[in-house]
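Trainee: I'd like to go over a predicted model; first the sequence, then the structure.
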Amino acid sequence: MAYLTILHFLCVLGVFHKGLTALIQTQQTVMAALGEEAHFSCRLMQTRDVLQVTWQKCSSDGEKTVATDNKYFGQRVDPYFKGRVEFKDGGLQNTSIVIREVTEYDEGCYHCLFNTYPDGALTGTTCLQMYELYGPVLRVRDSDSSEEAVVSCSATGRPAPTVTFMVTQQDFYVLHNSSVIVNNTNGTDTVTRTAVLSRLHDNSAQVECAVQVLSVPPKKVFVTIPEVEQTSSSDDFDVESGSANRGRSQTWIILFSVFGIVFCVAAVTFLLFKYKKLISLSHSFLEMIEVPTATVSDPHVAEASLQEGQIRLRTSPVKSQASSNTNPSPVTSRPLMFD
């Protein structure tokens, strides 16, 4: 900045020897980011017969012609600036040029000369100041306390950028604020600002980070700090973060799973017990049933039934009935018991 001030003074000092500057309206300083465009403009406040407009770059070695616009021969760009410099407004009373993809070598002061007849040259001076700005990068992380949040914002630029925070919620307040500057080998500086903010229950806030170099419009990014959730149990309140809520949900799932397994085991045990008891009652009932006696006159039929497994033949001792039976039969039937 000091270099440009001195250069501007020298260029203006040289202009007084070339012509008046009071009739020229122009910017004193033009700012452009590295690799972007720089716009210059000059306007003649009084109507004059302008023969040619000449744009020059002022340096310690003298002036170097950038481009010319002649009343009779038209516009011309110097070969050194060919492809990067062009006229924007065609006119000898109001002239403007643009330099594309500016580099650090383009930084300096520029003259716009109105060559008039018969007054001579009327000159205005504009200085180009280069800057670099990368970022900002805004990050939010939790601190050791659930009621605090750590916000950091960083940006890299030349000259060193300014980094500022703004919180949209007034109830949030800054507990700690610090800034660190790192000088890089390419001439830029990286500025990182860190702030510890309070976090309130049932209230979120939006944090804005703005970075700026010189007087160019700032670049801004935003991030939202979530609220600290709270849940109630009887008359007590517990603060829970998102991870705590997930842990509590997992606990309930485990408890329900254990209860389900216990219920299934108890149900199976109960059913087995009832089944065994039913089987026992069935056997007892079958033993209590009395099967009536059946007389089989044909032993072949009984033998056939035994072979098929349908009946069990039980024979009892044969008692002599010769004395009690007056009409004895040639064949004495034996009683058969079926179970």
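Mentor: Yes, it's here.
Trainee: the helix or strand hosting Phe40: which residues count as buried?
Mentor: Using DSSP states H and E, Phe40 maps to strand 38-44. Buried residues in strand 38-44, counted by 16 or more other CB atoms under 10 Å: Ala38, Phe40, Ser41, Cys42, Arg43, Leu44. In short, each C-beta sits where N, CA and C put it, glycine included.
Trainee: quick one: the helices in the stretch 51-200 of the chain?
Mentor: Remark: helices of the stretch 51-200 of the chain are absent; assignment by DSSP state H, counting those that start in this stretch.
Trainee: ok, and what's touching stretch 154-168?
Mentor: With contact meaning CB atoms under 8 Å, 6 or more residues apart in numbering, stretch 154-168 is reached by 1, 34, 130-137, 151, 153, 174, 177, 179, 181, 184, 187-193, 195, 197, 205-214, 219.
Trainee: now list the buried members of those.
Mentor: Buried by 16+ other CB under 10 Å: 34, 130-136, 151, 153, 188-193, 195, 197, 205, 207, 209-213, 219, out of the contacts of stretch 154-168.
Trainee: pLDDT-wise, which helix or strand of this protein ranks last?
Mentor: Counting by mean pLDDT, DSSP states H and E, the chain has its least confident helix or strand at strand 236-240, which shows a mean of 33.
Trainee: pLDDT added to the buried residues of strand 38-44, as CSV?
Mentor: CSV is the format used below for the buried residues of strand 38-44 (pLDDT from 0 to 100):
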residue, pLDDT
Ala38, 97
Phe40, 97
Ser41, 95
Cys42, 95
Arg43, 93
Leu44, 92
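Trainee: neighbours of the nearest residue to Ala205 once chain neighbours are set aside, just the number please.
Mentor: The shortest distance from Ala205 to any non-neighbouring residue, by CB to CB, 6 or more residues apart in numbering, is to Gln169 (3.5 Å). Other residues lying near Gln169 total 16 when counted by other CB atoms under 10 Å.
Trainee: again, but for Pro79
Mentor: The burial count for Pro79: 7, using other CB under 10 Å.
Trainee: again, but for the one 4 residues further on
Mentor: Each residue near Gly83 was counted by other CB under 10 Å, and the total is 9.
Trainee: begin at 3 from here
Mentor: Okay, using 3 as the starting number, the last item reads as Gly85.
Trainee: gap between it and Asn72?
Mentor: According to CB to CB, to the nearest Å, Gly85 and Asn72 sit 21 Å apart.
Trainee: likewise Val165?
Mentor: As judged by CB to CB, Val165 and Asn72 stand 49 Å apart.
Trainee: for Asn186, same thing?
Mentor: Per CB to CB, Asn186 is found 45 Å from Asn72.
Trainee: neighbour count: Val165 and Asn72, which is higher?
Mentor: Higher neighbour count among Val165 and Asn72: Val165, with 24 against 15, using other CB under 10 Å.
Trainee: where does Thr105 fall, phi/psi-wise?
Mentor: phi -120, psi 180 (degrees, to the nearest 10).
Trainee: how about the contacts made by Tyr82?
Mentor: With CB under 8 Å, 6+ apart, Tyr82 has these contacts: Lys66.
Trainee: retrieve the pLDDT associated with it.
Mentor: For Tyr82, the model assigns a pLDDT of 91.
Trainee: inside strands: which ones of the buried ones among the contacts of stretch 156-170?
Mentor: 132-138, 153, 155, 191-195, 197, 199, 207, 209, 211-214, 221 (DSSP state E).
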